[in-house]
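Novice: got a predicted structure plus its sequence, pasted below:
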4 protein chains.
Amino acid sequence: MLRKVRTDLALEVRESFPQDDVEIRGVALTEEYDEKSKIRVTTVVIKDEKGANAMKKPIGTYITIEAPELSKSDDSYHKSVSDVIAQNLMKLSGELKKEEILVVGLGNREVTPDALGPQVVDNLFVTRHLINEYGTEFSERNRLGNVSAISPGVMAQTGMEAQEIIKGIVKETKPKLLIVIDALASRSVSRLNTTVQITDTGISPGSGVGNNRKALNEETLGTKTIALGIPTVVDAATIVADTLEKYMQNSGFTEEEVFKFISEVNEQHIDNMFVTPKNIDDSIKRISYTVSEALNSCFSQTV
Amino acid sequence: MLRKVRTDLALEVRESFPQDDVEIRGVALTEEYDEKSKIRVTTVVIKDEKGANAMKKPIGTYITIEAPELSKSDDSYHKSVSDVIAQNLMKLSGELKKEEILVVGLGNREVTPDALGPQVVDNLFVTRHLINEYGTEFSERNRLGNVSAISPGVMAQTGMEAQEIIKGIVKETKPKLLIVIDALASRSVSRLNTTVQITDTGISPGSGVGNNRKALNEETLGTKTIALGIPTVVDAATIVADTLEKYMQNSGFTEEEVFKFISEVNEQHIDNMFVTPKNIDDSIKRISYTVSEALNSCFSQTV
Amino acid sequence: MLRKVRTDLALEVRESFPQDDVEIRGVALTEEYDEKSKIRVTTVVIKDEKGANAMKKPIGTYITIEAPELSKSDDSYHKSVSDVIAQNLMKLSGELKKEEILVVGLGNREVTPDALGPQVVDNLFVTRHLINEYGTEFSERNRLGNVSAISPGVMAQTGMEAQEIIKGIVKETKPKLLIVIDALASRSVSRLNTTVQITDTGISPGSGVGNNRKALNEETLGTKTIALGIPTVVDAATIVADTLEKYMQNSGFTEEEVFKFISEVNEQHIDNMFVTPKNIDDSIKRISYTVSEALNSCFSQTV
Amino acid sequence: MLRKVRTDLALEVRESFPQDDVEIRGVALTEEYDEKSKIRVTTVVIKDEKGANAMKKPIGTYITIEAPELSKSDDSYHKSVSDVIAQNLMKLSGELKKEEILVVGLGNREVTPDALGPQVVDNLFVTRHLINEYGTEFSERNRLGNVSAISPGVMAQTGMEAQEIIKGIVKETKPKLLIVIDALASRSVSRLNTTVQITDTGISPGSGVGNNRKALNEETLGTKTIALGIPTVVDAATIVADTLEKYMQNSGFTEEEVFKFISEVNEQHIDNMFVTPKNIDDSIKRISYTVSEALNSCFSQTV
């Protein structure tokens, strides 16, 4: 690879390998496709260090739900996607879904494509305080899970790493499972607002858009951490570089020539820019509702 | 007193004593009045347990700034009030103002009169991450304080006590001083959006409006905690009961009769209601800016 | 009556008559009650000038839907209420529901209990521009109504009467039917967020909370105007005065004495204050969604 | 030119001419540069049809204020820019600045870089209703202009063209001058949030980002219309195409080859995408305040 892959999606890393149909050692890939709903679920399991090195991602399970109509307005389609999200969350959370759960909505609520996490938290059915007040008898009768939630804001707003804030809260309130929601960066505009990645390896907030804030995962937080992310932006430098790279390689340029030109492009101050669709407000509003419904049905009303 | 005083203001507690001009033991009161700006600063110092018992408030200093025009739009008046707030914050924070400071904006940003804390945080000049990145040489050159900030949300949104969230963050990020901003409840509509209370005894969030969430103070958080509060609501039950009480006492009713009737009133489901002015959006917007300017000038650009 | 009734609800005017079970001439009242959902629908028809004088409301139909659980969170209950609203909207709009419709969300989106109208518009399925672009064949195939919408803001924000703004837009875009959504003032806290009034006589924005902005109705706008309002506040002066009045009358005071005291109360600057529940953000969010779903199902997907 | 120039800025059109230093007939260009503040003011006057054809912009005056630090946080710099904006607004509005003025904030408040117009209106000092209530004696004593304002929303929210809404309101309220505020599209990321364009030719909302909504100008609205725009986005297709074009021309490709490749790029669904900086929330908040201060000082407190 000529330069670091600006993507948060395991699937895109997998796709970037030239040997598309060759199996990578230490990495298992399974795929389900629902003809009717056109929803495709791909599960990448990185089983060992070999796989982790190849994928440049930690050992763990990465579930990708591709729902091409997700960015559009169709209530029954969103219901289907919500159900698929809930099933996969249940799979990854196992018995912990019946325990105390803290949902973290990462991102900046003031920047539309980054507001996914906070908006999911806004729609969430939060119950921890009710159970503390009325007891578990109350929650069992009403089939409620024990859910708390927070939108910590971004470092430019708080002066703190999301990790510092969450670590402190986790130590104080001792949830058994963390669900971290975040808007991701993708390499491809076709993935925007149509793809959901769920992984039990946690998240590096902002890593996909070039920041270096610290990881949120079981190792750093001391609690099992499932991350649910949806790409809502493409890095502007990536979109320009990808287009150029593809073009220049087709035109017979050498790797050095391509690399040199792309470096020049990146110097043009597009490093802190992102690309997002014009109707991003609609997509975020709709998708955040779909995700929060999935969380609500996963953690409450459990039999 | 017939029933618990629903007020967060030490000054109103003081005023509720019949012996208005008699000194209460253990309580010192000083007053400054600026003729030109019509800003009055009253400092109540509760010196010992005797004073604390009489006032039903913890030992400490309570500074009340009364600025009758604060709810109106007059930029130069707001500047004066901002300066007075900054001076009194400096007085209470002492040398700690040069250390790491965490500003907490309590309240619910979705309920206009309760959005004061979050809106102050929105306008704040947050610097901790910059100093972490560029070093103290950078902050000294630019005369920046070390400020971090968070708006944790209310329990109905998070399922957690504000105390739990703040305690965890304080343990993790170790600020030397906390400034907690909150919208308060007053007994009197004339105090709404015109009075600022600053105290080194911290705060009991929501206590003024009938909730029982736990205290935020040096004892519970392990860090010196200054609270800055502004009354933005009157409890609906209080306003009705106060009016009735005043009337019935004037009309020669016995204490029992008054008590009995007021109890009936309180049963009419106005217990979770508040009273606030119709133009509360303008007031909150303007005052939160005034407070954040005071904080910015107190903690940064210090000579 | 001792003083002007501060209510926007025809039902409360009706209830204020001493002769509760006597029929008022020119006014017809019918009632339906659904035992299971506990939803009561009362239809008051003011048939002539006599009725209009008695009720101090214009000739027309006033449908009141009382849904005691509406302020709570119960999705299936909200669906039932949404259906009842849609049925009654269909009744009042008749064949016009298939024509061009302009939905107006009155109120101030920055003041939580006044944000009902703007939030309904935010959730609305707006189609006029799609039909202008893709033609009626498109709307028929997709069973879409022709809906446009606007939240004009309040006079303190725009400097203009809502009437001026709407009148101008109506002249320019020529809708056949207006639906005006507004937060109302009630006399009783028990009505807050539990009552929906639908009327074909339009609305006087803010009239219930003491303002005098001009009416929005067929006479002033030249287009049939249905108003849908939900009480979200009680005037603070009203709540105090009503409690006092009730008390003083029970205690044998004369009308003059009551009147005199209430006048004193009103002078205490509570004239521009309102009373609203502490969880008003939740109620507004949920109810605005319920109303917008009713509008969506009434105007689109019509068979 | 190979393809249509996606820019709202007259200055960028001017710059796109190869003969940079040659005068274009019918177009006068003057420039002022303030060494200290680094603010450059360029005035392009399109004097006749010849100039209009060359520039592909209507006859009129286009003032461009380039303030390279505008996207940063420096209160005194923002004050300087605000003063320059006010001076140029006064120049274009002439005696009309003392008459009734309607400020229109175009754009979608839910999409951060498009929220400039609505946020300027939020900060505006609106007075028309006060003057209607208290008379011109009141406004003269307080040196108030007569200002009304509206943020109509975008077509996806209202189903109506901004033009239809504004036309209706103008006919009803008869302002003498319109000031239309809008977020623009630029060709260059270096212009984002650093350039202000003021013109007496009005605006075509969204034209810079590929939409075709109708113009807002004296011809369509019947009232003199000054537009104030600030580029906050670059069209994603433009940024990719510009980079490619520059590269390919340097590499000796023919015009046809360049054209063919760029067409392919544009087919990749990036046509409805925009590029914007990650800290766009801060920039919009700060700049909207700067613009509203300029409007406030231009129209009120005039001697």
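Specialist: Ah, there it is. Numbers count the residues shown, from 1 in each chain, chains lettered A, B, ... in the order given.
Novice: count the neighbours of residue A:74 for me.
Specialist: Other residues within reach of residue A:74 by the criterion other C-beta atoms under 10 Å in any protein chain shown amount to 12. Any C-beta I mention is one placed from the backbone N, CA and C, and that applies to glycine too.
Novice: what's the answer for the one 5 residues further on, then?
Specialist: Counted with other C-beta under 10 Å, residues neighbouring residue A:79 total 12.
Novice: now the one 4 residues further on
Specialist: The burial count assigned to residue A:83 is 16, neighbours taken as other C-beta under 10 Å.
Novice: quick one: distance of the strand or helix carrying it to the chain centre.
Specialist: Counting by DSSP states H and E, the element that carries residue A:83 is helix A:75-93. How far helix A:75-93 lies from its chain's middle: 14 Å, per C-alpha atoms, centre = their mean, to the nearest Å.
Novice: try stretch A:125-134
Specialist: For stretch A:125-134, the distance to the chain centre is 27 Å (C-alpha atoms, centre = their mean).
Novice: go on, stretch A:234-248?
Specialist: Taking C-alpha atoms, centre = their mean, the mean C-alpha location of stretch A:234-248 is offset from the chain mean by 22 Å.
Novice: which helix or strand in chain A has the lowest average pLDDT?
Specialist: Using mean pLDDT, DSSP states H and E, the weakest-scoring helix or strand in chain A turns out to be helix A:255-266, at a mean of 72.
Novice: keeping just the C-alphas, turn the following helix or strand past it into PDB.
Specialist: For helix A:255-266, the succeeding helix or strand toward the C-terminus, using DSSP H and E, is strand A:273-277. Taking C-alpha atoms only, strand A:273-277 is exported to PDB below (Å, rounded to 0.1, in the frame of the first residue of the first chain):
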ATOM      1  CA  MET A 273     -11.700  18.100   5.400                       C
ATOM      2  CA  PHE A 274     -14.500  15.500   5.000                       C
ATOM      3  CA  VAL A 275     -16.900  14.600   2.300                       C
ATOM      4  CA  THR A 276     -20.600  14.000   3.200                       C
ATOM      5  CA  PRO A 277     -23.900  13.900   1.300                       C
END
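Novice: strand A:273-277 to strand D:273-277, inter-axis angle?
Specialist: Relative orientation of strand A:273-277 versus strand D:273-277 (axes from the mean of the first three to the mean of the last three C-alpha atoms, to 10 degrees): 150 degrees.
Novice: what about the helix holding residue A:83, near chain C?
Specialist: No - counting by C-beta under 8 Å from any C-beta of the partner chain, chain C has no neighbours in helix A:75-93; the shortest distance is 10.0 Å.
Novice: who touches that helix?
Specialist: Surrounding helix A:75-93, the residues in contact under the criterion C-beta atoms under 8 Å, 6 or more residues apart in numbering or on different chains are A:37, A:39, A:41, A:61, A:63, A:65, A:67, A:69-70, A:97, A:177, A:179, A:196, A:198-200, A:226, A:228, A:286, A:289-291, A:293-295, A:297-298.
Novice: which stretches of the stretch 51-200 of chain A form strands?
Specialist: A:60-66, A:100-105, A:146-150, A:177-186, A:195-199 (DSSP state E, counting those that start in this stretch).
Novice: before we move on, what about the stretch 201-303 of chain A?
Specialist: A:224-235, A:273-277.
Novice: by contact count, what packs against the last one?
Specialist: Right, strand A:273-277. The helices and strands touching strand A:273-277, judged by 3 or more C-beta pairs under 8 Å, 6 or more residues apart in numbering or on different chains; DSSP states H and E, are strand A:224-235, helix A:236-250, strand D:273-277.
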